[in-house]
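Asks: Here's my sequence, what's the structure:
(4 chains)
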Protein chains: 2
Amino acid sequence: MSLKHAILVLLETEPGSGYDLLKQFNNSLGYFWNAKHQQIYQQLKHLTNEALITCDIEQQQGKPDKKIYKITAKGIHEIKEWLSQRVEPNKINDALLVKLYGGHLTSEANLLSELERHISLHQQTLTKLLTIENKYLSLDDELQTKFKLPYITLRRGILGEQAWLAWAKEAKGMIKK
Amino acid sequence: MSLKHAILVLLETEPGSGYDLLKQFNNSLGYFWNAKHQQIYQQLKHLTNEALITCDIEQQQGKPDKKIYKITAKGIHEIKEWLSQRVEPNKINDALLVKLYGGHLTSEANLLSELERHISLHQQTLTKLLTIENKYLSLDDELQTKFKLPYITLRRGILGEQAWLAWAKEAKGMIKK
DNA sequence: TTAAATTATGCAATTAGTTGCATATAATGC
DNA sequence: GCATTATATGCAACTAATTGCATAATTTAA
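Replies: Below you'll find the model as predicted:
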């Protein structure tokens, strides 16, 4: 399980609330980690109980109070321990491919429109990632070096989405033929 | 949840045992669905209770009896119903990218050796997929047409792995620099 | 001006998935 | 000759993740 470690790594970079983490997962980091708000809030509670993070409450007018979490020394130690161990390669469960695999039981039009819908989602993701990349590339050398590792993960997102779109184009052609 | 539908789709193509399904997931279909044996056996029980599949027992000498499952008319109906609905795009949770993202807390050597380990796993997967592709390409036109849709999903695996490896090469270069 | 989206959190119940254990033979490799 | 891998299934306990519900003010867009 590494939602735990994903959260620790994010909080090590910068303290934040559950909602902040949620936004990071939903926006920029969605190409490598996804989680619902429930999971994040529950995990933050666990991590606090384990003393891997601590929490300060920030008063806000109107909105509910914001709980700002930050990592502890014990939390940093936990990350380092985790980093020294192997991680499992990514488990893939792709329902769209199941749908295509069994696609002879439905219409070509259905397959094509579903594919089209996914293409547009992936295209949106790619555009978002390229925008982030452009911001990165406009930084000075020092900052580029500082954010080199996150940038490498961003490149995974970009290359992954480009390959997905290339496949989808090929797939569309083959379905029609 | 579409392990259920992944199993139904596989059994629609060809009846088989839980173990047969496990092998399919672990070998050829691992690039689009993964499941442990427990999950498969449990799901087969559920599907049987729902009368979406039925089961014949095949006696074997030495080994435990093999339970051969096949899909029912109700099961086919369930697939068609599912195929008519939208599927969610793939949720990604990639621990290796978390590791790289927080990689400043560990050594470059550690990152590189982990990356190298994953490269070799992905290379193996790609080789396996290309072997399957070659078999497909040597079929006659009629059979190629028949297996067109599964082949499209195979292409996703191939293009996905190739893109992953291209990224990894780039990443290695950047980490060293 | 009214509806919808955003900000911000969390309990409770359920479903999905993993891990550990258990059994038992045959075939393969060292 | 001995260890490992493959064949073949499944219970029980646990952990992880999702879904439904709940609250409540602010900002934004139609």
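Asks: gap between the residue nearest the centre of chain A and DNA strand C?
Replies: By CA atoms, centre = their mean, chain A has its centre lying nearest to A:Gly30, at 2.5 Å. A:Gly30 sits 14 Å away from DNA strand C, going by CB to the nearest atom of the strand, to the nearest Å. Yep, even glycine has a C-beta here, placed from its N, CA and C like the rest.
Asks: Quick one: residues contacting that residue.
Replies: Counting by CB atoms under 8 Å, 6 or more residues apart in numbering or on different chains, A:Gly30 touches A:125, B:92.
Asks: Recalculate using a threshold of 7 Å.
Replies: Under the criterion of CB atoms under 7 Å, 6 or more residues apart in numbering or on different chains, A:Gly30 has no contact partners.
Asks: Next one: it, what pLDDT does it get?
Replies: Looking at A:Gly30, its pLDDT is 91.
Asks: so is it in a helix, a strand, or just coil?
Replies: helix (DSSP: H, G, I helix; E, B strand; the rest coil).
Asks: The lowest-mean-pLDDT helix or strand in chain A pairs with which strands, parallel or anti?
Replies: When each helix and strand of chain A is scored by mean pLDDT, DSSP states H and E, strand A:53-58 comes last, with a mean of 90. When sheet partners are counted by DSSP bridges, strand A:53-58 sits next to strand A:66-71 (antiparallel).
Asks: Determine whether any part of the partner strand lies close to DNA strand C.
Replies: Yes - taking CB under 7 Å from any atom of the strand as the criterion, strand A:66-71 and DNA strand C are in contact, through A:66-67.
Asks: Name the next helix or strand downstream of that strand, please.
Replies: helix A:73-83 (DSSP states H and E).
Asks: Now do that following helix: distance to the chain's middle.
Replies: 21 Å (CA atoms, centre = their mean, to the nearest Å).
Asks: re earlier: buried ones in the least confident helix or strand of chain A?
Replies: A:Ile53 (16 or more other CB atoms under 10 Å in any protein chain shown).
Asks: Run the angle between it and helix A:73-83 for me.
Replies: Strand A:53-58 runs at 130 degrees relative to helix A:73-83, counting by axes from the mean of the first three to the mean of the last three CA atoms, to 10 degrees.
Asks: and strand A:53-58 with DNA strand C, contact?
Replies: No - for strand A:53-58, no contact with DNA strand C is found by CB under 7 Å from any atom of the strand; the gap never falls below 8.0 Å.
Asks: Extract the C-alpha trace of that strand and format it as PDB.
Replies: Presented in PDB, the C-alpha positions along strand A:53-58 are these (Å, rounded to 0.1, in the frame of the first residue of the first chain):
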ATOM      1  CA  ILE A  53       2.500  13.700  10.500                       C
ATOM      2  CA  THR A  54       1.100  16.400  12.700                       C
ATOM      3  CA  CYS A  55      -1.800  18.800  12.300                       C
ATOM      4  CA  ASP A  56      -2.300  22.500  12.800                       C
ATOM      5  CA  ILE A  57      -5.800  24.000  12.500                       C
ATOM      6  CA  GLU A  58      -6.100  27.100  10.400                       C
END
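Asks: how close does the residue nearest to the centre of chain A sit to B:Lys4?
Replies: 26 Å (CB to CB, to the nearest Å).
Asks: ok, now A:Tyr31?
Replies: Taking CB to CB, one finds A:Tyr31 at 27 Å from B:Lys4.
Asks: quick one, which of these two is more surrounded?
Replies: A:Tyr31 (20 against 16; other CB atoms under 10 Å in any protein chain shown).
Asks: dump the residue contacts of the closest residue to the more buried one other than its chain neighbours.
Replies: Distance criterion CB to CB, 6 or more residues apart in numbering or on different chains; nearest residue to A:Tyr31, sequence neighbours excluded, is A:Gly157 at 3.3 Å. By CB under 7 Å, 6+ apart, the contact list for A:Gly157 reads A:31-32, A:129.
Asks: could those go into JSON lines alongside distance to B:Glu108?
Replies: Shown next, in JSON lines, are those (distance: CB to CB, whole Å):
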{"residue": "A:Tyr31", "distance to B:Glu108": "24"}
{"residue": "A:Phe32", "distance to B:Glu108": "20"}
{"residue": "A:Leu129", "distance to B:Glu108": "25"}
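Asks: Closest one of the residues you listed to chain B?
Replies: A:Phe32 (3.8 Å; CB to the nearest CB).
Asks: Run a quick neighbour tally on the spatially closest residue to the closest one that is not a sequence neighbour.
Replies: Excluding the flanking residues, the one nearest A:Phe32 by CB to CB, 6+ apart is B:Leu97, at 3.8 Å. B:Leu97: 26 surrounding residues under other CB under 10 Å.
Asks: give the contact list for B:Leu97.
Replies: A:32, A:153, A:156.
Asks: Verify the stated contact: A:Glu133 with A:Ile158.
Replies: Yes - under the criterion of CB atoms under 7 Å, A:Glu133 makes contact with A:Ile158 at 6.3 Å.
Asks: and the residue nearest to A:Tyr31, what helix or strand is that in?
Replies: Taking DSSP H and E as the definition, A:Gly157 sits inside helix A:148-176.
Asks: Give me the buried positions along that helix.
Replies: Neighbour counts over helix A:148-176 (16+ other CB under 10 Å) mark A:148-165, A:167-168, A:171-172, A:175 as buried.
Asks: That'll do, ta.
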